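Q: build me a model:
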Amino acid sequence: TPTPEPQTINVGGQEVGLSLPDRLQGALDTPYAQHYLGLFPNVVNGNVTVMLDFDPKDSQALRENINFWVLDADSLRRVVAGGRPEDYDLATGTFVTAGPDEGKLRADFNASGRAEYTLIIYNNSAVPATYSVQVIGAGLADTIGQTLSITP
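A: Numbers count the residues shown, from 1 in each chain. Here you go, the predicted structure:
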């Protein structure tokens, strides 16, 4: 497996290097499959962008049923208690309609302080899918091994 590039986090004027990748890839093979990833901003009170690309692109069912949610600690607690993620998410992907990222799902949100977030990638269709996710302004952590790192 490739070694991820270190992410730098500015903490009170000091930079702390973390070895978190900014790109991961995975597969959602079964209906209603979900992957839970840690999202750790490397900016304090700044913008974070999440981009999700998926295959096969020619499946309308997949296009209408694959996406992601970004949750903070409070919204994750509410989801664990039985709430629907779409009721508590801070950001969810919307389709990019033009440019080099056309056909991908993108969301931007403002990271608050040094908060940690949860990224849930889901496929609510019966079409098996592969995906790649990229973040700008953050690193990704997969503590249970659902994904693979991607070298830039």
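Q: need the CA coordinates for stretch 84-103. CSV is fine.
A: Extracted as CSV, the C-alpha positions of stretch 84-103 are listed here (Å, rounded to 0.1, in the frame of the first residue of the first chain):
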residue,chain,number,x,y,z
ARG,A,84,-31.9,10.0,9.9
PRO,A,85,-28.5,11.3,8.7
GLU,A,86,-30.2,13.5,6.1
ASP,A,87,-31.9,15.3,9.0
TYR,A,88,-28.7,16.2,10.8
ASP,A,89,-25.9,16.4,8.1
LEU,A,90,-23.8,19.5,7.7
ALA,A,91,-23.2,18.8,4.1
THR,A,92,-24.2,16.4,1.4
GLY,A,93,-23.0,16.0,-2.2
THR,A,94,-24.6,17.8,-5.2
PHE,A,95,-23.8,17.0,-8.8
VAL,A,96,-21.2,19.1,-10.5
THR,A,97,-22.8,20.0,-13.9
ALA,A,98,-19.8,21.4,-15.8
GLY,A,99,-16.0,21.6,-15.8
PRO,A,100,-13.3,19.0,-15.0
ASP,A,101,-15.3,17.6,-12.1
GLU,A,102,-18.5,17.1,-14.1
GLY,A,103,-20.6,14.1,-12.9
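Q: which of the residues in it are buried?
A: By 16 or more other Cβ atoms under 10 Å, the buried positions in stretch 84-103 come out as 85, 88-93. (Glycine included, C-beta is placed from N, CA and C.)
Q: with stretch 118-138 instead?
A: Using 16+ other Cβ under 10 Å as the test for burial, stretch 118-138 gives 118-123, 125, 127-129, 131-135, 137-138.
Q: now the end-to-end length of it.
A: Terminal residues of stretch 118-138 lie 12 Å apart, using Cα to Cα, to the nearest Å.
Q: repeat for stretch 120-139
A: Terminal residues of stretch 120-139 are spaced 14 Å apart (Cα to Cα).
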